[in-house]
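1. What shape does this take:
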Amino acid sequence: VQLQASGGGLVQAGGSLRLSCAASGSAFKINAVGWYRQAPGKQRELVAAINSGGSTNYADSVKGRFTISRDNAKNTVYLLINSLKPDDTGVYYCNAEVAEDTDWGIATFSYWGQGTQVTVSS
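-> Just a heads-up that it's a prediction; the model follows:
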């Protein structure tokens, strides 16, 4: 399974972006997915997550501005970011818990996307 994160870019404060995290491969099911942000010089932090049932959670710093959603038919999870602030600048990574059909049965693995850069200018 591979995860491909995309949708980042350079935007002005107040603007919006929609990030995508697309999974590809064979014989898999995406369970929970999280979007993480790593600002320059800081640790990676979880900003939004969605489980297989569609329940969502957000970091306090992004509540009301970030919306995570999923399209199971496309094996894709989205992160809509509104009212962007300079503090939102960083590399955004997606992480997915994936159930795969292996030779020894169903096994669960964790995968990371390669990251997409978001830069917000003031």
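2. residue contacts, residue 72?
-> Contact partners of residue 72, counting by C-beta atoms under 8 Å, 6 or more residues apart in numbering, are residue 30. Bear in mind the C-beta positions are built from the backbone N, C-alpha and C, glycine included.
3. quick one: it from residue 109, how far?
-> 18 Å (C-beta to C-beta, to the nearest Å).
4. go on, residue 26?
-> 14 Å.
5. More neighbours: these two, which one.
-> Neighbours were counted for residue 26 and for residue 109 using other C-beta atoms under 10 Å; residue 109 has more, 12 against 7.
6. Quick check: the more buried one touching residue 23?
-> No: between residue 109 and residue 23 there is no contact under C-beta atoms under 8 Å: 11.4 Å.
7. what sits in contact with each of the two?
-> 1, 98.
8. who does the lengthiest strand in the chain touch, helix- and strand-wise?
-> The single longest strand within the chain, with elements called by DSSP state E, is strand 90-102. Other elements packing on strand 90-102 under the criterion 3 or more C-beta pairs under 8 Å, 6 or more residues apart in numbering; DSSP states H and E are strand 2-6, strand 17-24, strand 28-38, strand 76-81, strand 105-112, strand 116-121.
9. Sounds good, over and out.
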